[in-house]
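S.K.: I would like to see how this sequence folds:
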Amino acid sequence: MGIVRSTTSLTLKNKKSDTHLIFSKPTFSNSDVDAKLVYQLVDDDNLILVWDFTLDMTTDPDYWTVRVNALNSKIINKQNFTVYCNHYDQAYNSTDRTPHIANDTHRCTDQHIRAP
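M.R.: Predicted structure coming up:
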């Protein structure tokens with residue numbers, strides 16, 4: 001992700017609630033950083049409380065979610081929502097035969113279970 005932990009700090013911009021914070025746009029992000037308190041499933045049957053940060057990186061088209069343990073600040077999970085595609089030049093949509101763009105980048109979203 002290209003973020004150096006020892007030199008990275010976030011400045012609180014808006015406290016929407018005790019479980020939803022907005023941090024001012026840091027140098028490594030194209031936008032403000034959204035942080036929500038959520039539960040993360042670990043070890044197949046345990047839930048832990050984590051902060052879910054969304055990061056819109058400046059170095060590439062990547063859009064990340066990083067989950068950090070709310071008790072000890074350890075990174076539990078990180079996921080890149082940007083999908084990179086390498087279609088061959090003659091790739092077509094199977095229903096309307098519309099050509100796809102080769103070597104394209106797409107942003108996808110996912111639904112998360114949020115803490116109450």
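
S.K.: you'd agree residue 64 is up against residue 80?
M.R.: Yes - using Cβ atoms under 8 Å, residue 64 is in contact with residue 80, at 5.5 Å. To be clear about C-beta, it is placed using only N, CA and C from the backbone, and glycine gets the same treatment.

S.K.: Name the residues contacting each of those two.
M.R.: Shared contacts of residue 64 and residue 80, defined by Cβ atoms under 8 Å, 6 or more residues apart in numbering, are not found at any residue.

S.K.: Convert the C-alpha atoms of stretch 33-41 to PDB, please.
M.R.: Provided in PDB are the C-alpha atoms of stretch 33-41 (Å, rounded to 0.1, in the frame of the first residue of the first chain):
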ATOM      1  CA  VAL A  33     -10.500   8.800   5.400                       C
ATOM      2  CA  ASP A  34     -13.700   7.200   6.600                       C
ATOM      3  CA  ALA A  35     -13.400   5.100   9.800                       C
ATOM      4  CA  LYS A  36     -16.300   2.900  11.200                       C
ATOM      5  CA  LEU A  37     -16.300   0.600  14.200                       C
ATOM      6  CA  VAL A  38     -17.400  -2.800  13.000                       C
ATOM      7  CA  TYR A  39     -17.100  -6.500  13.900                       C
ATOM      8  CA  GLN A  40     -14.600  -8.800  12.100                       C
ATOM      9  CA  LEU A  41     -15.000 -12.500  12.100                       C
END
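
S.K.: And the average pLDDT for that stretch is what?
M.R.: Average pLDDT, stretch 33-41: 92.
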